[in-house]
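Turn this into a structure:
(one chain, ligands or ions: 1)
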Amino acid sequence: MSRARRARRAARKSAQTSTREPVIQEPAASEALSAVPGAGAEEPEATRRAAGVTESSRANRGWWDRNADEYQVDHGTFLGDDRFVWCPEGLDEVEAELLGPPEELKGKDVLEIGAGAAQCSRWLTGQGARPVALDLSHRQLQHALRIGGSFPLVCADAAVLPFADDSFDLACSAYGALPFVADPRLVLREVRRVLRPGGRFVFSVTHPLRWAFPDEPGPEGLSVSASYFDRTPYVEQDDEGRAVYVEHHRTLGDRVRDVVTSGFRLVDLVEPEWPDWNSSEWGGWSPLRGHLIPGTAIFVCERD
Ligand SMILES: C[S@@+](CC[C@H](N)C(=O)[O-])C[C@H]1O[C@@H](n2cnc3c(N)ncnc32)[C@H](O)[C@@H]1O
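From the prediction side, this is the model:
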């Protein structure tokens, strides 16, 4: 269902800030990988069960730390080092201008959430913006360091942002955090808090419709196999029942409600269509499915 699940399969097969120094800033000490559930575990069991805020965050931090290398190998070329790609459909910010006209980005303070290797922040730097790239996964941010750039990297959970109120003009997230958190309103409220009045938050997530279909790029991914209305999370757990990966589902109505009740105005909801030039598969995203059903939803939100 997510970009993550395919990276995971590939992996199985193969085995408050002010400085602009290129170091990873961590409010809390990083957990040793060996202490993270799932590290070195046998093949996890996939199930559907409840998973709370803390369990989801802990599981996903471990998962992304263990799978960041494969993710960047698999998707780094498609993403480019300094492009701003919103989704596997390939829509990029040059074309979409969801954060506004590029010439108006100059001098703007921008928070990128779930930045991964911070490709989007690198593009923002190129427009003269001042990005801060935040991610839960230390290993993802090490890839950001490897590629380079002179903007801050912050290792933190998007539900507890280590920034003062009114710190940013814009916030963005390309599939970062929101598909993985148990309560997206915690993230949305935090983003609203750190945005200045008039600020905009744009985020992409798996299109909610996809939850009802198998996460497969071929024809088997075209038949409904589960209820769209079943919000029970997708969980992978180790042999002691500890979650090692969690994905949360919200219906389209849930997502709209989350945005509005968190104090934002929803100004657009973009459903990128699959372009003819894109022949790449990304997990369950493929030209076959992309021409028939939406794969990504991008929410454009503003705070007054
Ligand atoms: C699918 S990747 C997207 C990365 C990047 N935006 C891109 O387009 O390649 C999801 C990212 O969200 C991060 N993430 C997951 N949960 C998070 C959370 N609660 N807070 C911050 N980042 C989180 C993961 O570590 C991962 O780097």
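
Quick check: buried residues in the top helix by length along the chain?
Using DSSP state H, we find that the single longest helix of the chain is helix 53-79. By neighbour count on 16 or more other Cβ atoms under 10 Å, the buried set for helix 53-79 is 55-72, 74-75, 79. Using the backbone N, CA and C atoms, a C-beta is placed for each residue, glycine as well.

what does the stretch 1-150 of the chain put close to the ligand?
Contacts of the stretch 1-150 of the chain with the ligand, taken as Cβ under 6 Å from any ligand atom, map to 3-4, 57, 60, 64, 79, 113-116, 135-137, 140.

Out of those residues, which end up buried?
Applying 16+ other Cβ under 10 Å to these, the neighbour count classes 3-4, 57, 60, 64, 79, 113-116, 135-137, 140 as buried.

mind listing the helices for the stretch 101-250 of the chain?
Assigned by DSSP state H, counting those that start in this stretch, the stretch 101-250 of the chain shows helices spanning 119-126, 138-147, 184-194.

Report the mean per-residue pLDDT for the first one.
Pointing back at helix 119-126 there. Taken as a whole, helix 119-126 carries a mean pLDDT of 98.

angle of it against helix 138-147?
Counting by axes from the mean of the first three to the mean of the last three Cα atoms, to 10 degrees, helix 119-126 lies at 40 degrees to helix 138-147.

outside of helix 119-126, which residues touch it?
By Cβ atoms under 8 Å, 6 or more residues apart in numbering, the residues outside helix 119-126 that reach it are 79-85, 93, 105, 110, 112, 115, 131-133, 144, 147, 149-151, 172, 174.

Leu136 touches Gly114, doesn't it?
Yes: using Cβ atoms under 8 Å, Leu136 makes contact with Gly114 at a distance of 7.3 Å.

any common contacting residues for the two?
Joint contacts of Leu136 and Gly114 (Cβ under 8 Å, 6+ apart) are Ala158, Ala177.

May I ask which of the residues of the stretch 1-150 of the chain next to the ligand comes out lowest in pLDDT?
Across these, the bottom pLDDT score, 48, is held by Arg3.

Distance of the residue lying closest to Asp183 once chain neighbours are set aside relative to Glu271?
The shortest distance from Asp183 to any non-neighbouring residue, by Cβ to Cβ, 6 or more residues apart in numbering, is to Val53 (5.6 Å). Val53 sits 28 Å away from Glu271, going by Cβ to Cβ, to the nearest Å.

From Ser225, how far off is Ala51?
21 Å.

which of those two has more neighbours?
Ala51 (23 against 11; other Cβ atoms under 10 Å).

what's the helix or strand for the more buried one?
Using DSSP states H and E, Ala51 sits within no helix or strand.

my guess is it meets Tyr234, correct?
No: look at Ala51 against Tyr234 with Cβ under 8 Å: they stay out of range, at 9.0 Å.

what do the two both touch?
Counting by Cβ under 8 Å, 6+ apart, the shared contacts of Ala51 and Tyr234 are Val246.

any idea of the pLDDT on the residue nearest to Asp183?
Per-residue pLDDT puts Val53 at 98.

likewise Glu26?
72.

which residues does the closest residue to it other than its chain neighbours bridge with?
Leaving aside its sequence neighbours, Glu26 sits nearest to Cys155 (Cβ to Cβ, 6+ apart; 4.4 Å). Bridge pairing for Cys155 (DSSP bridges) gives the partners Asp135.

Contact partners for Cys155?
Contact partners of Cys155, counting by Cβ under 8 Å, 6+ apart, are Ile24, Gln25, Glu26, Pro27, Ser30, Leu134, Asp135, Leu136, Ser137, His138, Leu141.

Point out where this protein drops to low pLDDT.
Low-confidence segments of the chain, defined by pLDDT under 70: 1-22, 27-41.

which parts of stretch 127-147 are buried?
Neighbour-count burial for stretch 127-147, counted by 16+ other Cβ under 10 Å, picks out 127, 129-144.

Can you point out the buried residues in the top strand by length along the chain?
As assigned by DSSP state E, the longest strand anywhere in the chain is strand 195-206. Using 16+ other Cβ under 10 Å as the test for burial, strand 195-206 gives Leu195, Gly199, Arg200, Phe201, Val202, Phe203, Ser204, Val205, Thr206.
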